[in-house]
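1. Mind looking at a prediction? Sequence and model below.
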Amino acid sequence: MLIKHVTKSCTRLFLLLCIGFFCHSNSLYAKESKSVKSRKQTLLYYLYIADFAQSFIEIPTSNVSGDSSTISSTYLAGRAPIYDRDNKKSGTCSASFLCMQNADGIYTDISNFLSVDNGLIVSWFTPSTLINLELDSIINSMVTECIVISSTKVGVNPFYGQTFNLVVSSDNEKIYFEFTGEETVLFKL
């Protein structure tokens with residue numbers, strides 16, 4: 001009888017301990033719950049056209065075949081510092097411009113690259129038709145609107161994998177880069 005009573009008491013104690021341990025284990029060992037919320041974010045950068053033009057290099061081009069439809073060609077590349085809303089130097093923009101003229105006009109393939117000190121790194125291509133091959137016309141052909149993904153990760157990059165709508169615009173002095181996208185914010189519950 002005593003053995004039955006001890007066994008029954010031990011079983012009850014064991015079950016109570018198991019229930020208590022199970023109830024408290026969620027708070028001790030579970031990962032923190034987080035809520036995800038998105039909001040619009042806009043990042044704005046600019047460069048000075050004069051800085052960009054001053055950095056230009058020309059890469060020699062020539063027709064490969066004797067009966068080429070290309071009348072004229074030029075291949076330029078340049079880079080310049082970019083600045084943020086507070087007019088602080090915050091990264092670099094580089095681009096290369098392959099301009100080809102034929103009987104239909106002047107066509108330019110532009111390869112753009114922007115690297116911001118905050119981790120945002122994007123590249124995009126801009127096809128453009130030019131009026132002439134003057135330097136200002138070539139630089140201002142960077143104006144475009146496109147969707148870009150921050151797909152390069154160097155070190156810590158809070159923007160890696162994010163998608164942005166990019167609007168590139170210009171005035172007589174500057175080229176502007178305006179990124180609009182969803183900013184993911186994590187809240188602890």
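-> Yes, it's here.

2. Name the spans of the chain whose pLDDT lies under the cut-off.
-> Along the chain, segments meeting pLDDT under 70 span 1-38, 130-137, 183-189.

3. let's see 50
-> Filtered on pLDDT under 50, the chain yields the residue ranges 6, 13, 26-35, 37, 185-189.

4. Spatially central residue (nearest the centroid) of the chain, please.
-> Ser150 (3.0 Å; CA atoms, centre = their mean).

5. now the helices for this structure?
-> All helices of the chain, identified by DSSP state H, fall at 2-29, 49-54, 135-140.

6. Could you pull out the buried residues of stretch 75-92?
-> Leu76, Gly78, Arg79, Ala80, Ile82, Tyr83, Asp84, Ser90, Gly91 (16 or more other CB atoms under 10 Å). Glycine gets a C-beta too; all of them are placed from N, C-alpha and C.

7. So what touches it?
-> Applying CB atoms under 8 Å, 6 or more residues apart in numbering, the contact partners of stretch 75-92 are 44-48, 51-53, 55-61, 93-99, 114-118, 120, 138-139, 177.

8. Got the domain ranges for the chain?
-> Domain segmentation of the chain under automatic domain parsing yields 2-30, 36-188.
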